[in-house]
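Undergrad: this one's sequence-less:
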Ligand SMILES: Cc1cc2nc3c(=O)[nH]c(=O)nc-3n(C[C@H](O)[C@H](O)[C@H](O)COP(=O)(O)OP(=O)(O)OC[C@H]3O[C@@H](n4cnc5c(N)ncnc54)[C@H](O)[C@@H]3O)c2cc1C
């Protein structure tokens with residue numbers, strides 16, 4: 001069923017009795033050309049682009065829970081392409097361009113909202129670093145504007161400009177950045193992939209990888225073995241666990257990242273803002289809740305829940321930037337498992353096992369990458385060649401030393 005104003009009107013007159021499920025709840029077949037493990041944003045986007053761009057439709061997405069139960073439904077929904085390094089900029093810009101056409105492509109309202117992203121700076125040195133990043137972006141054809149303090153104040157009047165511990169001097173603005181309703185992305189890609197012929201198999205956990213003579217030939221699951229010519233890992237925070245099933249040890253640590261939503265309030269900010277003197281960022285949802293987050297938890301974990309010290313840390317930064325937040329009630333918070341790579345950049349590559357592909361290391365920036373990641377991973381799986389904009393995301397860069405260290409902090413996941 002195609003969604004349009006006409007289908008909406010038709011269903012309104014019919015009392016909404018004729019809507020069909022957005023996707024089939026498929027039972028696993030015994031054999032596929034491609035199995036994608038992980039029904040998050042990246043796995044579903046990969047399946048959609050395999051079908052729509054490469055004509056590969058004998059594909060299953062195997063998800064241990066339900067579609068949207070992982071990080072795709074837990075993130076703070078920010079999209080942007082304001083990267084500095086050549087290995088990153090073209091990839092994230094491709095992703096942002098795909099976001100701009102996504103709703104037409106998948107025929108689904110994902111509430112793509114290009115409301116801008118502002119990175120605040122609080123010192124001369126930070127301004128210089130942001131000017132450099134903005135210039136690099138503009139040279140690469142990406143939009144960027146360096147704002148002074150009064151321009152920021154005109155856009156964001158509620159912040160503390162007068163007696164702040166870290167005075168706001170200005171900000172780097174990317175107007176094409178913004179936010180997208182995260183679970184609609186999962187649902188929209190699932191529906192589009194299903195329409196393309198892909199089986200989306202939920203409540204099916206992969207418990208082992210079948211490997212014969214150095215080649216992957218299928219997966220073991222809680223619903224029985226399934227054979228496949230190619231197997232693709234897109235399991236985000238569980239990447240190390242799945243890779244270990246193939247005897248691989250990844251340069252990835254898993255950490256929890258928390259998100260917070262306040263009670264609904266009248267419109268206060270109409271853009272996305274990151275604090276430059278601590279780890280804190282905030283935007284406002286269409287329902288009125290302030291959506292914010294901060295740093296990862298300090299220890300490795302596979303638990304999808306947060307802890308109190310990080311809440312305190314995030315709130316300290318929040319209060320330093322926006323003291324008025326102290327009077328707003330927190331409605332809910334939750335955690336997701338981050339696949340933190342050692343240089344803060346992702347991996348889209350073959351593994352040493354023939355037919356086994358890896359999509360991982362997204363740290364806490366993988367939501368914005370969803371369309372680009374799916375596009376490039378599908379290209380790699382279909383052609384066995386890396387997509388040109390993702391060619392730097394090699395697994396062996398951690399051995400060769402060709403790191404893509406956007407923040408320049410080395411192998412310290414908590415600082416990426
Ligand atoms: C609190 C928070 C805030 C964030 N904010 C942002 C943001 O603002 N902007 C941004 O760009 N990024 C953000 N991120 C990061 C982003 O959400 C992730 O990098 C991205 O969603 C990861 O890719 P995914 O959607 O495919 O992951 P997931 O949705 O986690 O998909 C992986 C799937 O694999 C499944 N799986 C795992 N093991 C198995 C198995 N054995 N068998 C079968 N299935 C399995 C899981 O159930 C899961 O559904 C945030 C993350 C969190 C938690």
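TA: Great, that's in hand. Computed from a predicted structure; not experimentally measured. Numbering: from 1, shown residues only.
Undergrad: Tell me if stretch 219-227 is near the ligand.
TA: No. Residues of stretch 219-227 contacting the ligand under C-beta under 6 Å from any ligand atom: none, with a closest distance of 7.3 Å. Where you see a C-beta, it was placed from the backbone N, CA and C, and this is true even at glycine.
Undergrad: buried ones in that stretch?
TA: 219, 221, 226 (16 or more other C-beta atoms under 10 Å).
Undergrad: which residues sit in contact with the first one?
TA: Contact criterion C-beta atoms under 8 Å, 6 or more residues apart in numbering gives 35, 37, 62, 206, 208, 209, 210, 225, 226, 228, 231 as the residues in contact with residue 219.
Undergrad: Same check on the second one?
TA: For residue 221, the residues meeting the contact criterion (C-beta under 8 Å, 6+ apart) are 28, 62, 204, 205, 206, 207.
Undergrad: Give the burial count for the residue nearest to the fourth one when sequence neighbours are not counted, as a bare number.
TA: For residue 205, ignoring the flanking residues on the chain, the nearest one in space by C-beta to C-beta, 6 or more residues apart in numbering is residue 64 at 3.7 Å. Using other C-beta atoms under 10 Å, the number of residues around residue 64 comes to 20.
Undergrad: Mind checking what secondary structure residue 64 has?
TA: coil (DSSP: H, G, I helix; E, B strand; the rest coil).
Undergrad: can you tell me how far it sits from residue 198?
TA: 17 Å (C-beta to C-beta, to the nearest Å).
Undergrad: Test for you: state the pLDDT assigned to residue 124.
TA: pLDDT recorded at residue 124 is 98.
Undergrad: I should have written residue 49 there, sorry.
TA: Predicted confidence (pLDDT) for residue 49: 98.
Undergrad: How about it: what's its closest non-neighbour residue?
TA: Excluding its sequence neighbours, the residue lying closest to residue 49 (C-beta to C-beta, 6+ apart) is residue 378, at 3.7 Å.
Undergrad: Equivalent analysis for residue 74, please.
TA: residue 336 (3.7 Å).
Undergrad: Quick check: phi and psi on that neighbour?
TA: With angles defined as degrees, to the nearest 10, residue 336 sits at phi -140, psi 160.
Undergrad: count of neighbours near it?
TA: For residue 336, using other C-beta under 10 Å, the count is 23.
Undergrad: Okay, and the beta partners of it?
TA: Per DSSP bridges, the residues bridged to residue 336 are residue 257.
Undergrad: How much space separates residue 391 from residue 90?
TA: Taking C-beta to C-beta, one finds residue 391 at 10 Å from residue 90.
Undergrad: Just want to know which of these two has more residues nearby.
TA: residue 90 (21 against 16).
Undergrad: I'd guess the more buried one is in a helix, am I close?
TA: Yes. Assessed with three-state DSSP, residue 90 lies in a helix.
Undergrad: Spell out the secondary structure type for the nearest residue to it once chain neighbours are set aside.
TA: Nearest residue to residue 90 in three dimensions, chain neighbours excluded: residue 389, at 4.3 Å (C-beta to C-beta, 6+ apart). Following three-state DSSP, we place residue 389 in the helix state.
Undergrad: Up against the ligand, what does the stretch 301-416 of the chain have?
TA: 336, 362, 364, 365, 366, 367, 368.
Undergrad: So residue 10, which state does it fall into?
TA: Assignment for residue 10 (three-state DSSP): helix.
Undergrad: Give me the distance between it and the ligand.
TA: 33 Å (C-beta to the nearest ligand atom, to the nearest Å).
Undergrad: before we move on, what about residue 265?
TA: The value you get for residue 265 to the ligand, if C-beta to the nearest ligand atom is used, is 20 Å.
Undergrad: Number of residues surrounding that residue?
TA: Residue 265: 13 neighbours (other C-beta under 10 Å).
Undergrad: One more: the one 10 residues further on?
TA: Each residue near residue 275 was counted by other C-beta under 10 Å, and the total is 22.
Undergrad: could you list every residue that touches the spatially most central residue of the chain?
TA: Nearest to the geometric centre of the chain sits residue 367, at 1.5 Å (C-alpha atoms, centre = their mean). Contacts for residue 367 (C-beta under 8 Å, 6+ apart) come out as 41, 71, 72, 75, 76, 77, 78, 79, 180, 182, 185.
Undergrad: Including pLDDT, distance to residue 109 and neighbour count, could those go into CSV?
TA: Shown next, in CSV, are those (pLDDT from 0 to 100; distance: C-beta to C-beta, whole Å; neighbours: other C-beta atoms under 10 Å):
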residue, pLDDT, distance to residue 109, neighbour count
41, 98, 16, 32
71, 98, 21, 24
72, 98, 16, 27
75, 97, 18, 26
76, 97, 20, 22
77, 97, 14, 21
78, 98, 19, 21
79, 98, 16, 27
180, 98, 10, 23
182, 97, 13, 22
185, 98, 11, 30
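Undergrad: overlap between these and the residues near the ligand?
TA: 41, 71, 72, 75, 76, 77, 78.
Undergrad: Doesn't residue 146 belong to a helix?
TA: No. Per three-state DSSP, residue 146 lies outside any helix segment and is strand.
Undergrad: Does it touch residue 130 like I think?
TA: Yes. Contact criterion C-beta atoms under 8 Å: residue 146 and residue 130 qualify, at 6.5 Å.
Undergrad: shared neighbours, the two?
TA: Both residue 146 and residue 130 are contacted by 171, 172, under the criterion C-beta under 8 Å, 6+ apart.
Undergrad: Give me the more crowded residue out of the two.
TA: Neighbour totals were compared for residue 146 and residue 130, and residue 130 leads with 24 against 16 (other C-beta under 10 Å).
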